[in-house]
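Visitor: sequence first, then the predicted structure:
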2 protein chains.
Amino acid sequence: MDPVNIIGVGMTKFGVLDDSILDLAQQAAFQAIDDSSTTEVPFEYLAVGVQNPDEFVGRGHFSTLLADTLGIVPAGAIRVETGPSSGSSAFESAFALIASGMADLVLVVGVEKMSEVDRGVASKILAKMMSYENETRYGATPAALAAMITRRYMHDYGLTRNELSLLPVKAHRNGAKNPLAHFRKEITVETVNNSRIVADPLTLFDCCPTSDGAASIVVASDRIVKKYGLLDRTIRVAGIGHGTDYLAVQHRLALTSMNATVTAAQRAFKMADVQPRDVGVCELHDAFSILELIDMEDVGLVERGTAIDAVKAGNTEVSGDMPVNPSGGLKARGHPTGATGVAQIRDIVLQLRGEAPKGLQVDNPRYGLTQNIGGFGNNMVVAIFSSL
Amino acid sequence: MDPVNIIGVGMTKFGVLDDSILDLAQQAAFQAIDDSSTTEVPFEYLAVGVQNPDEFVGRGHFSTLLADTLGIVPAGAIRVETGPSSGSSAFESAFALIASGMADLVLVVGVEKMSEVDRGVASKILAKMMSYENETRYGATPAALAAMITRRYMHDYGLTRNELSLLPVKAHRNGAKNPLAHFRKEITVETVNNSRIVADPLTLFDCCPTSDGAASIVVASDRIVKKYGLLDRTIRVAGIGHGTDYLAVQHRLALTSMNATVTAAQRAFKMADVQPRDVGVCELHDAFSILELIDMEDVGLVERGTAIDAVKAGNTEVSGDMPVNPSGGLKARGHPTGATGVAQIRDIVLQLRGEAPKGLQVDNPRYGLTQNIGGFGNNMVVAIFSSL
């Protein structure tokens, strides 16, 4: 397997934005290309992660549309879609193209523009990620499923409402320092506890927003890295893994663990040949507060049912020994679905380069990890990164 | 690059069918799995090519939905979308996963169910493959663009209406012998000439149908082929290439050649290290009559402007020395968009195994080729296959 590297990253502001989906994709891609110092090398492929441009903005055939817009024709172009893990899946496709020797230089773009449709339409589009037969037809929503999982986790492990609220508080504390985050305001446990109930026991502040935004990565072979003398700022992709689980939550082995993450993480750690304890910084998919705890356990950072202890001890803070979501995570950085996985990787790359925003830089991490959820917990990609 | 093999294929009937999109995908996949003799080996990945299940049938998150339906969870699952070349692009992703060593066994499914929406809605969905700014807003349709290209080709190379009609006549002659084809009736030049005008000079019989259907392929590493003693019926993927062109036809260098095919073919031939003259059978994307001629020239089978001479000489017949579309092609086999690329590969695999339907088997071809068009001529995949 040829080594795979990241030599450039870019990202737009996340939030409710005026820019079109193509504007956003272009801004992130041009930043990543500029950052890569390889502007004269033609891209052989473009891999786009986008969940549903057809229904969110009425744009189809997004792979060619974007290759044309970015001026990288005749690069082979694909769109990869796995729900909210589409960005990570597009990155995985780029990884395979480089690892196989099929390409030396691949551009990855993750993007979503979710604010053009009203909230009801957006909810209907997003509901397609769940099982129609087993969930949607009975009125289940992502928040309702997250609420049931939260209740079960509270029952099994004694998690309290006040403890759970520490998660969004940390997310907002970090997001406040991230210039590209959707939300940049600190909040308190009381803010979370007293905001309106979305699905009992979850309040508004337990749920990530729907956002607009884009992120981009330039992925390259060792040939490119050596040819352009990029060794000092190249990040190596140490491992990547992908796993699915049954579409419907009720069909799964457990409510408080997501087997697709376990599968993806095991595969990624095996490829990287490192252990969870080697991870110095990670970006996990915290679409709901409870997920950050479950993700930590599924990835193997902590024992089952103990994630909240690490949070309470401050271990998951930027200054802790196991920093989780220094970017602010999906909760505060925002969640333009197709962009999220690419943004997670971009943020880990900046961490490993020592270029994270002021107040968010983790002290000299050796390995970084991303975990991205597709569907409601059924299509996950985990990737592990290191400095060269 | 690890060698990549095809060890199983499956396909449903193409046509206007009662089965749901999941029924179709499942039938094709189970056939391919049965055909591969590897039912006890877990798939590591599923790559689904499907153009627009969200709008054609209201189904989203298709990668997990299908992994779950097929019972191959926790395989990593992705949906790859490049318009009507989605099936070939999904196959390309599977190729990369095996070639990189990331996986030993990958299931590819291409599927589309286009008949649930009425014709007007289907046209709107398909129109998104074109440039809104440059084409759709001015009333252009795929048939209108094909008609302009046909006129230009007639002007440049002296092609006549009667000559053009030979293409659908051949397609239907072959389709009549293909038990899974959408259309199984022979037609004459008069049928084509006298059918209603769709976009002058194209008549109804110059245009492929919209179809329902699915096809599936099991892609495997040499480790699997050796472990299960499958050498005698394994088909090797000799090369694959992918190329794009500008989204809008008016932006391209020429009307009568599609540069994305030229790019994809050059890359595929380079990887396979063979020449166009080595191709003994091919399946080309003849969504409109004129495209079969242009495809032959772009792939390099004949000189520019001379494809019709090969057709008139009988060279492209099943019994000729350069058989094109023995399946009946998109015109007669049908065109369920996401399924087409996978069906083309399945048909070439059967040809190379010597298992094509009665009357359609080409005499002992050494190499087979597929060419699949995405958008209106802007996202192409070419692949080359051989016996071991």
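Guide: Nice, thanks for sending it over.

Visitor: A:Ser37: neighbour count?
Guide: Counted with other CB atoms under 10 Å in any protein chain shown, residues neighbouring A:Ser37 total 15. No exception for glycine: its C-beta is placed from N, CA and C like everyone else's.

Visitor: that one reaches A:Leu230, doesn't it?
Guide: Yes: if you go by CB atoms under 8 Å, A:Ser37 and A:Leu230 touch, sitting 6.4 Å apart.

Visitor: need the overlap of contacts for those two.
Guide: Residues touching both A:Ser37 and A:Leu230 (CB atoms under 8 Å, 6 or more residues apart in numbering or on different chains) are A:Ile7.

Visitor: just the buried residues of stretch A:127-144, please?
Guide: Within stretch A:127-144, the residues scored as buried using 16 or more other CB atoms under 10 Å in any protein chain shown are A:127-132, A:135-136, A:140-144.

Visitor: which one of the residues you listed is nearest chain B?
Guide: Set against chain B, the nearest of the buried residues of stretch A:127-144 by CB to the nearest CB is A:Lys128 (2.8 Å).

Visitor: quick one: residues contacting the closest one.
Guide: If you count contacts by CB under 8 Å, 6+ apart, A:Lys128 has them with A:52, A:136, B:54, B:58-61.

Visitor: next: A:Gln275.
Guide: So A:Gln275 contacts A:269, A:300 (CB under 8 Å, 6+ apart).

Visitor: which residues of the stretch 201-350 of chain A lie near chain B?
Guide: A:240-248, A:251, A:259-260, A:263-264 (CB under 8 Å from any CB of the partner chain).

Visitor: show me just the buried residues among these.
Guide: Buried among these (16+ other CB under 10 Å): A:240-248, A:259-260, A:263-264.

Visitor: using JSON lines, lay out the residues you listed together with pLDDT and secondary structure.
Guide: Formatted as JSON lines, those follow (pLDDT from 0 to 100; DSSP: H, G, I helix; E, B strand; the rest coil):
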{"residue": "A:Ile240", "pLDDT": "98", "secondary structure": "strand"}
{"residue": "A:Gly241", "pLDDT": "98", "secondary structure": "strand"}
{"residue": "A:His242", "pLDDT": "98", "secondary structure": "strand"}
{"residue": "A:Gly243", "pLDDT": "98", "secondary structure": "strand"}
{"residue": "A:Thr244", "pLDDT": "98", "secondary structure": "strand"}
{"residue": "A:Asp245", "pLDDT": "98", "secondary structure": "coil"}
{"residue": "A:Tyr246", "pLDDT": "98", "secondary structure": "coil"}
{"residue": "A:Leu247", "pLDDT": "98", "secondary structure": "coil"}
{"residue": "A:Ala248", "pLDDT": "97", "secondary structure": "coil"}
{"residue": "A:Asn259", "pLDDT": "98", "secondary structure": "helix"}
{"residue": "A:Ala260", "pLDDT": "98", "secondary structure": "helix"}
{"residue": "A:Thr263", "pLDDT": "98", "secondary structure": "helix"}
{"residue": "A:Ala264", "pLDDT": "98", "secondary structure": "helix"}
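
Visitor: farthest pair within those?
Guide: Farthest-apart pair in these is A:Ile240 and A:Ala248; separation 26.4 Å (CB to CB).

Visitor: going by distance to chain B, which of the buried ones among the residues of the stretch 201-350 of chain A next to chain B wins?
Guide: Among those, and counting by CB to the nearest CB, the member closest to chain B is A:His242, at 2.9 Å.

Visitor: go ahead and flag the most central residue of chain A.
Guide: Among the residues of chain A, the one closest to the centroid is A:Gly341, at 3.1 Å (CA atoms, centre = their mean).

Visitor: so the residue of chain A positioned farthest from its centre versus A:Leu105, what's the distance?
Guide: Distance from the C-alpha centroid of chain A peaks at A:Lys227, with 30.6 Å (CA atoms, centre = their mean). Distance of A:Lys227 to A:Leu105, computed by CB to CB, to the nearest Å: 10 Å.

Visitor: what segments of the stretch 201-350 of chain A are helices?
Guide: A:222-227, A:259-272, A:289-299, A:307-312, A:329-333, A:337-353 (DSSP state H, counting those that start in this stretch).

Visitor: which of those comes out lowest on mean pLDDT?
Guide: In terms of mean pLDDT, the lowest-scoring of the helices of the stretch 201-350 of chain A is helix A:222-227 (a mean of 95).

Visitor: how many residues are close by A:Pro326?
Guide: Neighbour count for A:Pro326, taken as other CB under 10 Å: 31.

Visitor: can you map out the strands along the stretch 1-150 of chain A?
Guide: In the stretch 1-150 of chain A, the strands defined using DSSP state E, counting those that start in this stretch lie at A:5-11, A:45-49, A:76-81, A:105-113.

Visitor: so for chain B, which of those strands sits nearest?
Guide: Nearest to chain B, of all the strands of the stretch 1-150 of chain A, is strand A:76-81, at 2.9 Å by CB to the nearest CB.

Visitor: can you give me the neighbour number for A:Glu303?
Guide: Neighbourhood size, A:Glu303 [other CB under 10 Å]: 11.
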